[in-house]
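Asker: sequence and predicted structure are below.
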Amino acid sequence: MTYVGIRNEAVKQIQAAFTKDKRLVVEAHPGSFNEGEIRRLATRTPAILTALVRINDRDVNDESWCNFVSWVLYRADNRDTLYDGALKIVSALIPVIRNVTSDWSIDGGSNIEADCLYSGSLDQMNITLWAVKWRWQVRAVSEDGEIPLIDDLDYFEGYEAVHVVGTQTAKDIVNLEVDNAHTNDANSPEPVGSGNVQ
């Protein structure tokens with residue numbers, strides 16, 4: 001899985017949550033908005049357009065995250081002067097973001113903030129814009145540019161080594177394999193890991 005795949009998975013899960021609303025456009029977006037971009041998309045509203053805007057890769061499996069903005073673009077008619085339709089979409093979107101999930105993610109979306117970007121110039125076009133910002137914690141990228149799935153991770157199961165001390169040779173075997181007969185808790189008759197020096 002790459003960061004392109006992460007962005008696409010976020011969009012896919014948001015799309016799945018809004019399949020019943022045939023009017024709503026749910027797609028990926030490359031980044032930020034300006035007035036020209038809003039005018040270009042004005043005929044494709046209402047819309048949820050999600051952009052991956054920041055990547056923080058801490059080089060530690062469970063301490064990396066992606067920052068997203070899900071733009072809610074809404075064009076109202078003369079009866080919806082407060083743009084309540086946009087606020088209803090934002091209200092439905094937040095729990096969807098909170099529950100996004102994948103094998104390579106850690107929990108769902110978090111740090112969710114929604115900013116209303118309404119302005120007088122947008123109102124002249126009968127359009128408003130919300131920026132729903134959120135974070136998705138993911139596993140770090142490996143050396144080949146992929147984010148490993150849980151099944152792809154190489155878990156440490158022990159080691160075997162030979163040490164020479166003076167004229168004596170010592171063979172050290174540490175076995176950390178886990179089987180169904182043993183668990184590493186207080187009820188276990190013996191520890192899961194054992195070290196043997198021969």
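Answerer: Perfect, I can see it now.
Asker: contact partners for the closest residue to residue 105 other than its chain neighbours?
Answerer: Across the structure, with Cβ to Cβ, 6 or more residues apart in numbering as the measure, the residue nearest residue 105 apart from its sequence neighbours is residue 138 (5.2 Å). From N, CA and C alone the C-beta is placed, and that goes for glycine too. By Cβ atoms under 8 Å, 6 or more residues apart in numbering, the contact set of residue 138 is 6, 64-66, 104-106, 147.
Asker: closest one of the residues you listed to residue 124?
Answerer: residue 66 (34.7 Å; Cβ to Cβ).
Asker: so what's residue 73 up against?
Answerer: Per Cβ under 8 Å, 6+ apart, neighbours of residue 73: 38, 41, 44-47, 49, 127, 129.
Asker: now list the buried members of these.
Answerer: Among these, the ones that count as buried by 16 or more other Cβ atoms under 10 Å are 38, 41, 45-47, 49, 127, 129.
Asker: related to what we said a few turns ago, what's the closest of the contacts of residue 73 to residue 23?
Answerer: Residue 23 lies nearest to residue 46 out of the contacts of residue 73, by Cβ to Cβ, at 6.4 Å.
Asker: residues touching that closest one, list them.
Answerer: 23-25, 72-75, 85-86, 89.
Asker: and for residue 56?
Answerer: Residue 56 neighbours (Cβ under 8 Å, 6+ apart): 64-67.
Asker: show me how the chain divides into domains.
Answerer: Per automatic domain parsing, the structural domains of the chain span 3-138, 155-197.
Asker: hey, which of the ones you listed is tucked in deepest?
Answerer: Of all those, domain 3-138 has the most neighbours on average by mean count of other Cβ atoms under 10 Å, namely a mean of 16.
Asker: residue 111 and residue 137 touch, don't they?
Answerer: No: using Cβ atoms under 8 Å, residue 111 makes no contact with residue 137, being 9.6 Å away.
Asker: tell me which strands and helices the strand or helix carrying residue 112 is in contact with?
Answerer: For residue 112, the element it lies in under DSSP states H and E is strand 110-116. Applying 3 or more Cβ pairs under 8 Å, 6 or more residues apart in numbering; DSSP states H and E, we find strand 110-116 packed against helix 84-98, strand 127-138.
Asker: quick one: the first one to strand 110-116, angle?
Answerer: With axes from the mean of the first three to the mean of the last three Cα atoms, to 10 degrees applied, the angle from helix 84-98 to strand 110-116 works out at 170 degrees.
Asker: can you list the residues that contact helix 84-98?
Answerer: By Cβ under 8 Å, 6+ apart, helix 84-98 touches 13-14, 17-18, 24, 46, 48, 70, 72, 74, 76, 108-110, 112, 114, 128, 130, 132, 134.
Asker: if I pick residue 53, what's in contact with it?
Answerer: For residue 53, the contact set (Cβ under 8 Å, 6+ apart) comprises 31-32, 67-69.
Asker: revised request: answer the last question for residue 121.
Answerer: residue 35.
Asker: ok but it is inside a helix, no?
Answerer: Yes: under DSSP: H, G, I helix; E, B strand; the rest coil, residue 121 falls within a helix.
Asker: all good on my end, thank you.
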